Each structure stands twice: as C-alpha cells, then as structure tokens.
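Peer 1: Structure, please.
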Amino acid sequence: MIVLARNQTVAEKTDRQREERARRGRERERERMEVREKKEESESPPTDDCCSICFGSFIYPCRSNCGHWFCANCILQYWHHGAALQPCRCPMCTRRICQLTLDVSLNHHQEPEVAEVLKSVQRYNRVFVGGTAGFIQRVRESPLFIKRIFREMMDPDRSHSHMYKVRMLAMLLSVLYTASPFDFIPSGRVGIVRLFDYCAIALVLTLHWIGVYRARRRAQRVRNLASSQHLEA
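Peer 2: Sure, this is the predicted structure:
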C-alpha cells in the first residue's frame with residue numbers, strides 16, 4: 001500500500017510538472033506572437049495617420065528613429081532644405097533623424113521608383129551612421145555636400161551665415177599655402193592671407209547675388225503664370 005501510494009504521488013507530481021511545462025511553453029509562444037505582432041505594427045505606418053509634412057496619405061512610408069512616419073520623398077526633401085552637413089530634425093519632436101526605415105511591404109516591390117527611394121534612404125542612413133564608417137561615407141559623398149553647400153550659399157535668406165565659415169576656411173588655406181614649399185600665386189603687396197580672404201568674400205557675395213537674381217526670376221515667372229491663369233479664367 002505504501003509503495004502504491006508513493007507511486008501515485010510520483011505520477012501526480014510528474015503530471016503537474018508536465019502541465020506546468022506545457023503552460024509555460026504556451027505563455028512563451030503567446031509572448032513571441034505578441035512581440036512579432038508589435039514589431040510588424042511598428043514597421044508599418046498607422047492606417048489612421050498621415051504624413052506630417054505633406055498632410056496626405058503615405059507614399060513610400062518610412063519611419064524615423066524617433067518613431068514618427070513620413071513619406072520617404074517628403075522627409076528627404078525636408079533634409080535637402082536644411083543644413084547640408086547635419087541630419088535633419090524631426091518635424092514632430094525636433095530630434096535628429098539618424099536612421100530611416102522603409103515600410104516592410106516595400107521590400108517586395110520591384111518598381112524603379114521604389115528602388116530609387118530605397119537607394120536614397122540607404123544613402124542617407126550610411127552618411128549619418130556615425131563613427132568611422134559614417135566619416136568615410138561622408139568623404140565619398142563630398143560632391144553631394146559641396147553641391148548642397150553652394151546651393152545654401154545661393155539662398156538669399158541663408159547666405160550671410162556662410163560668410164564667417166568661408167573666411168575661416170580661406171584663412172586655413174592661406175596658412176597651409178604659406179607653410180607649403182609652393183609659391184605659384186602672385187599676391188603682391190596684398191599678402192597671401194588677405195588675398196585668400198578677399199577671394200572668399202568675393203565668392204560669398206557673388207553666390208549671394210546669383211541667388212537674389214534667381215529668386216527674382218522665379219518670383220517673376222510665378223507672377224506671369226498667375227496672371228496668365230487669371231486671364232484664361
């Protein structure tokens with residue numbers, strides 16, 4: 001009798017342990033499913049939301065590292081109109097956007113437009129990844145940054161902010177030129193430092209007036225287009 005009771009107790013304990021392991025397995029599986037669902041939801045834009053830049057439905061949606069969703073082209077254009085060497089700030093929370101993640105559904109598309117957007121987003125992420133890899137990528141993308149800097153200098157509203165930077169760069173170049181064994185720039189009585197400084201000022205002013213001229217031409221075209229549409233109406 002004692003042996004039977006002991007065997008029955010062991011069997012009941014074994015059954016309880018088996019049920020406990022099965023229950024824990026179901027709980028872990030449910031937790032994994034919840035994590036997977038949350039991840040899928042985070043990788044897709046909300047269905048009841050819109051892009052906070054264009055206020056329209058998401059076109060090629062991408063998520064920033066701060067969790068806000070935008071159209072990929074909208075956030076990239078927003079960056080193009082910002083500082084050339086810095087990542088753009090989120091229009092919603094003003095945090096710096098160092099990484100953009102496209103909607104997972106776009107990975108299955110083969111259209112040329114989607115491929116171009118994916119390439120642009122990956123390019124942005126490589127530039128601002130930080131560390132040695134980010135620095136190397138910035139060096140590789142230096143033509144893009146130089147082009148953007150010149151475009152900023154032709155903006156009449158922001159050209160004045162580059163005067164100090166360009167003059168400091170000119171001073172640095174003049175010091176390097178003086179320390180080098182080369183002497184092929186005729187400076188005369190002006191001196192190489194002042195010559196570089198005058199060239200920097202002339203460059204900034206020239207680009208500024210080019211920007212003013214282009215802005216006036218654009219404004220004139222807008223007025224002409226508005227007047228022609230008014231006459232047609």
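
Peer 1: Can you pull the phi and psi angles for residue 61?
Peer 2: Note on residue 61: backbone dihedrals following degrees, to the nearest 10 are phi -70, psi 140.

Peer 1: try residue 198
Peer 2: Note on residue 198: backbone dihedrals following degrees, to the nearest 10 are phi -60, psi -40.

Peer 1: residues near the nearest residue to it once chain neighbours are set aside, how many?
Peer 2: Excluding the flanking residues, the one nearest residue 198 by Cβ to Cβ, 6 or more residues apart in numbering is residue 190, at 7.4 Å. From N, CA and C alone the C-beta is placed, and that goes for glycine too. By the measure other Cβ atoms under 10 Å, the count of residues near residue 190 is 12.

Peer 1: Please identify the helix or strand for residue 190.
Peer 2: Remark: residue 190 resides in no helix or strand, with elements defined by DSSP states H and E.

Peer 1: Please apply the same query to residue 66.
Peer 2: Residue 66 belongs to no helix or strand, assigned by DSSP H and E.

Peer 1: Without its sequence neighbours, what residue ends up closest to it?
Peer 2: In this structure, residue 66 finds its nearest non-sequential neighbour in residue 95, 4.5 Å apart by Cβ to Cβ, 6+ apart.

Peer 1: isn't the one you found right up against residue 88?
Peer 2: No: Residue 95 is beyond contact range of residue 88, at 10.2 Å (criterion: Cβ atoms under 8 Å).
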